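Peer 1: show me the folded form of this:
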Amino acid sequence: MHGEKMTTERVSAFSDAVLAVIITIMVLELKAPQVPDISAMLSLWPILVSYTLSYLFIAIIWINHHHLLRLVRFASTRLIWINFAHLFLVSLLPFTTAWMARTDLAPMPVAIYAAVFVVVNAAYLLFEREIFAHAEADAMPEPARRLARRRTLLGLAIFAVAGFVAPFVPLFGFFLICCALVLYLQPEIFSSRLQRQAK
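Peer 2: Here you go, the predicted model:
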């Protein structure tokens with residue numbers, strides 16, 4: 001109906017479907033070795049490591065996405081478009097993951113892989129700020145919002161450094177990406193900690 005607001009449940013359901021497709025595309029890039037030997041599997045370590053990290057990244061996106069959407073009931077038009085942009089950038093992950101894996105973590109593919117993390121995280125920052133702009137104060141205290149913003153900015157900075165380092169030391173750039181992801185493993189940690197302190 002005209003004028004009816006879109007609920008965040010619809011945004012969440014659409015995002016779930018897109019992320020499921022992205023994971024499926026990424027899985028299809030995994031090719032089993034044709035040689036019945038464990039050494040053949042061991043030689044695929046760049047592919048397995050790349051896929052594992054990308055899968056973890058998508059899992060983290062899903063967890064944080066749902067955590068934020070719980071803070072508001074209705075989605076603004078701006079939030080919907082930011083979400084579309086965010087999902088588009090995430091959809092680049094299977095391509096960069098496959099390129100990096102097939103080139104055995106070569107410098108330029110790892111740098112481009114890190115660049116995708118940068119733009120995805122930048123879109124997430126906009127998504128986060130739009131959510132906070134419409135969330136009720138009691139849904140997430142202001143100190144918790146500040147900590148969440150700082151975490152996102154820190155993650156963005158680490159991804160950017162990884163992108164600059166990767167052309168020279170690709171394994172270190174890859175390591176920095178892994179370190180940045182650790183920041184997002186528990187999206188509720190700030191709000192829950194502050195709520196315990198308030199009691």
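
Peer 1: hey, let's count contacts and neighbours off CA atoms from now on
Peer 2: OK.

Peer 1: just after the longest helix seen in the chain, pick out the following helix or strand.
Peer 2: Scanning the chain for the helix with the most residues, using DSSP state H, yields helix 107-134. Counting by DSSP states H and E, the element after helix 107-134 in chain order, helix or strand, is helix 142-165.

Peer 1: name the helices or strands packed onto that next one?
Peer 2: Of the remaining helices and strands, those touching helix 142-165 by 3 or more Cα pairs under 8 Å, 6 or more residues apart in numbering; DSSP states H and E are helix 107-134, helix 170-182, helix 189-198.

Peer 1: tell me which residues of the longest helix of the chain come out buried.
Peer 2: 107-132 (16 or more other Cα atoms under 10 Å).

Peer 1: next up, the contacts around the closest residue to residue 168 other than its chain neighbours.
Peer 2: Spatially, and ignoring its direct neighbours in sequence, residue 168 is nearest to residue 107 (6.6 Å; Cα to Cα, 6 or more residues apart in numbering). Neighbouring residues of residue 107 by Cα atoms under 8 Å, 6 or more residues apart in numbering: 166, 167, 168, 169, 170.

Peer 1: same thing with residue 128?
Peer 2: Listed by Cα under 8 Å, 6+ apart, the contact partners of residue 128 are 68, 149.

Peer 1: just the local confidence number for it, please.
Peer 2: At residue 128, the pLDDT value in this model is 92.

Peer 1: same thing with residue 190?
Peer 2: Looking at residue 190, its pLDDT is 53.

Peer 1: now do the same contact list for residue 58.
Peer 2: When contacts are taken as Cα under 8 Å, 6+ apart, residue 58 is in contact with 19, 23, 90.

Peer 1: who wins on neighbours among those?
Peer 2: Sorting the contacts of residue 58 by how many neighbours each has (other Cα atoms under 10 Å) puts residue 90 first, at 23 neighbours.

Peer 1: check the gap between that one and residue 18 for me.
Peer 2: For residue 90, the distance to residue 18 equals 9 Å [Cα to Cα, to the nearest Å].

Peer 1: same thing with residue 25?
Peer 2: Residue 25 is 11 Å from residue 18, by Cα to Cα.

Peer 1: please apply the same query to residue 100.
Peer 2: With distances taken as Cα to Cα, residue 100 is found 22 Å from residue 18.

Peer 1: one more: residue 173?
Peer 2: Taking Cα to Cα, one finds residue 173 at 28 Å from residue 18.

Peer 1: so which of those two has more stuff around it?
Peer 2: More crowded of residue 173 and residue 18, by other Cα under 10 Å: residue 173, with 26 against 17.
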